[in-house]
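Colleague: Provided below are the primary sequence and the corresponding predicted coordinates.
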Amino acid sequence: MQQERIVNAALLRETLAYIQEHPESWNQRTWGMTSECGTVACFAGWAAMLTDANLRPPAYDPMIFQQFGSYPPWLIGSQFVDDFATTLLGLTEDQGVALFDSSNTMVELTALVEAIIANPNIEEDDLVEVVGSAAPAEPVVFVKLDEPSTSPEYQQES
């Protein structure tokens, strides 16, 4: 029988609640960034910062930049923030990868947090299914607005 994992459900909930209450400070595509407007971070970054971890950007190293293809994750001591947050939250590597994915929406993060708390042993295939079921049922349709509509209800009366 598989041993039940113990996840840090309190910190998972606190982190989710924080970014839901402060959406302007959440950007799933950045580990952490500070400007004159305040601090912005992803789920992993906020989980670390809510525990007063000392996040810092890494020193410039061309090899690290080449490895990541962009700015690498922030550090806590000598550990990348995603690794630190994975351990802090009591997640498996697959759970951390799924939760910290840069394309996650707030709806997907909420579904993932709930699924991980409900089943601390949830595996990668099930996490993919959770994200898929959290996506909108109807496809998003983009309308080009620079052309006049030919629909009768949008025609101007003369």
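Modeller: Nice, thanks for sending it over. Residues are numbered from 1 along each chain as shown.
Colleague: And the helices in this protein?
Modeller: Counting by DSSP state H, the chain has helices at residues 9-21, 43-49, 62-68, 81-89, 93-99, 106-118, 124-134.
Colleague: List the buried residues for the fifth one?
Modeller: If I follow you right, that is helix 93-99. Neighbour-count burial for helix 93-99, counted by 16 or more other C-beta atoms under 10 Å, picks out 94-96, 98-99. The way it works is simple: take the backbone N, C-alpha and C, and place the C-beta from them, glycine included.
Colleague: Can you pull out the residues in contact with that helix?
Modeller: Contact with helix 93-99 is made by 7, 43-44, 82-83, 85-86, 89, 91, 109, 112-113, 116, 122-124, 127-128, 130-131, as judged by C-beta atoms under 8 Å, 6 or more residues apart in numbering.
Colleague: C-alpha coordinates for that helix, PDB please?
Modeller: Taking Å, rounded to 0.1, in the frame of the first residue of the first chain, the C-alpha atoms of helix 93-99 are listed here in PDB:
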ATOM      1  CA  GLU A  93       8.100  16.700  -8.500                       C
ATOM      2  CA  ASP A  94       5.200  16.100 -11.000                       C
ATOM      3  CA  GLN A  95       2.800  18.000  -8.700                       C
ATOM      4  CA  GLY A  96       5.200  20.900  -8.600                       C
ATOM      5  CA  VAL A  97       5.700  20.900 -12.300                       C
ATOM      6  CA  ALA A  98       1.900  20.900 -12.900                       C
ATOM      7  CA  LEU A  99       1.100  23.600 -10.300                       C
END
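Colleague: so for it, what's the average pLDDT?
Modeller: For helix 93-99, the mean pLDDT works out to 95.
Colleague: mind listing what Thr15 touches?
Modeller: Applying C-beta under 8 Å, 6+ apart to Thr15 gives the contacts 43, 46-47, 50.
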